[in-house]
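> with the sequence up front, the predicted model follows.
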Amino acid sequence: MIEKMHMTNYEDDGWTNSTLEFLNPNWDVVLDRLKSMHNYSRPDLWLLKYKDIPDSYLLAVNGGSGIYHIQVNDGVYYHEAIDPSGSNEEVDIWLSDQGFSTEKRKTWNLEKAIEMVEYYFNFGEMNPNYEWSNE
């Protein structure tokens, strides 16, 4: 189902980076990389349904260190996983180079992130047990 996974790895300066790529990753590799995410040194992980379409049909995870933002591109729109009980308080998700902050209601702990990523890995679509928005 997933033809390619990639993850950015940042050096200590927060700008110099390299991309780790995995073709046809198995679930153990995806899970290991998801758990290794760090909001400064390894803040993004993408699962691509099609290795030759880098900007569509994907799940993107940003963050690490216990807080994750998850979005899915369905070929047209990006949909963010939303926690309706969460607050609008801004939280920092990605701390190196460009950085990224979002509302707390758009963030998840590792356990919930794993559920969403595993569902996408297996079925190639958004986990229906969560609310999704394309605000």
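Yes, it's here.
> what's the first helix or strand after the helix ranked longest in the chain?
Longest helix of the chain, by residue count under DSSP state H: helix 110-123. The helix or strand immediately downstream of helix 110-123 is strand 131-133, counting by DSSP states H and E.
> and the spatially most central residue of the chain, helix, strand or coil?
The chain has V61 as the residue nearest its centroid, 0.7 Å off, counting by CA atoms, centre = their mean. Three-state assignment for V61 (DSSP: H, G, I helix; E, B strand; the rest coil): strand.
> surely it and H69 touch.
Yes: using CB atoms under 8 Å as the test, V61 is close enough to H69 to be in contact (7.2 Å). For glycine as for every other residue, the C-beta is placed from the backbone atoms N, C-alpha and C.
> so how many other residues sit close to the residue lying closest to Y119 once chain neighbours are set aside?
Leaving aside its sequence neighbours, Y119 sits nearest to N127 (CB to CB, 6 or more residues apart in numbering; 3.8 Å). A count of neighbours around N127, defined by other CB atoms under 10 Å, yields 19.
> now do the contacts for N127.
Neighbour list for N127: A81, E115, M116, Y119, Y120 [criterion: CB atoms under 8 Å, 6 or more residues apart in numbering].
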